[in-house]
Structure formats: structure tokens, C-alpha cells
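Undergrad: test case, fold it:
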Amino acid sequence: MTLPLDISFQDFPHSQAIEAAVIKQANSLGAAQAEIARCRVKLIQAPRQQTHNRPVRVHVDVMTRHHRHLSGQALSDDAREALREAFREIEFALRSEMVRTQSNALLEAKGGI
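TA: Predicted coordinates for the structure are as follows:
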């Protein structure tokens with residue numbers, strides 16, 4: 001299944017390598033991919049503070065096929081690390097959503113509590 005994916009760069013230079021990393025992270029969601037109706041990834045260059053490096057903020061927004069909105073975000077000086085952390089949050093949220101959906105279906109099948 002091909003995951004519907006929208007990648008945007010805001011105040012962050014477009015990079016084929018980072019785009020490939022986003023695609024790889026999205027595809028690594030594994031079994032949870034079937035639950036995803038849409039995935040949007042934003043890479044935002046944060047304003048420079050007192051440090052020389054400008055941190056990167058990553059937002060990952062997912063809409064599930066059950067019309068639930070899930071979000072993960074991370075901030076790091078390393079764009080790839082921020083991507084990994086944001087996708088870890090999404091994967092955890094998706095797994096929790098799958099368990100909740102399965103539990104509700106099981107309760108309904110047994111006639112409630």
C-alpha cells in the first residue's frame with residue numbers, strides 16, 4: 001500500500017536526502033500504515049537563538065481511516081534525529097489507536113460491559 005504523504009519545507013532548504021528519510025520513516029510505520037488515510041510532514045527551521053545551529057522542528061500529522069487526528073513533533077539540531085523522534089511518537093499513537101479500536105470492537109461484539 002502506498003502511503004498518502006505530503007512533505008513541506010518551511011524556512012528549511014529542500015533536500016532530496018531529507019525527503020528520502022521522511023519517505024523511509026513513513027514506510028517504516030509497518031502494519032499501522034493500513035490505518036493511515038493521510039500523512040503530512042513539515043520540517044521547519046526554527047529561528048536562531050544564542051547558538052550557531054538553527055534547530056529543526058518536525059511536525060507529523062496523521063489522519064486515520066477512523067477519522068482520528070494524531071500528531072507527533074520533535075525539535076533537534078539534527079533533522080534526521082527530529083524525524084526519528086516525531087515518527088516514534090506517531091507510531092506509538094497509531095499502535096495505541098489500533099489497540100483502542102480493537103478493544104472497542106471486542107466490547108461491542110460481546111454486548112458491552
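
Undergrad: the residue nearest to Ala46 when sequence neighbours are not counted: how many residues sit nearby?
TA: Closest residue to Ala46 apart from its sequence neighbours, by Cβ to Cβ, 6 or more residues apart in numbering: Pro55 at 4.5 Å. Placement of C-beta: from N, CA and C, glycine included. Pro55 has 18 neighbouring residues, counting by other Cβ atoms under 10 Å.

Undergrad: which residues of this structure fall in strands?
TA: With DSSP state E as the criterion, the chain has strands at 5-10, 36-45, 56-64, 69-76.

Undergrad: give me whichever of the ones you listed is most buried.
TA: For the strands of the chain, the largest average neighbour count (mean count of other Cβ atoms under 10 Å) is found in strand 56-64, namely a mean of 21.

Undergrad: let's see it as CSV, backbone CA atoms only.
TA: The C-alpha coordinates for strand 56-64 follow below in CSV (Å, rounded to 0.1, in the frame of the first residue of the first chain):
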residue,chain,number,x,y,z
VAL,A,56,14.8,21.9,13.1
ARG,A,57,11.2,21.4,14.2
VAL,A,58,9.4,18.4,12.7
HIS,A,59,5.6,18.1,12.8
VAL,A,60,4.0,14.8,11.7
ASP,A,61,0.2,14.9,11.3
VAL,A,62,-1.7,11.7,10.6
MET,A,63,-5.4,11.3,9.8
THR,A,64,-6.5,7.7,10.4
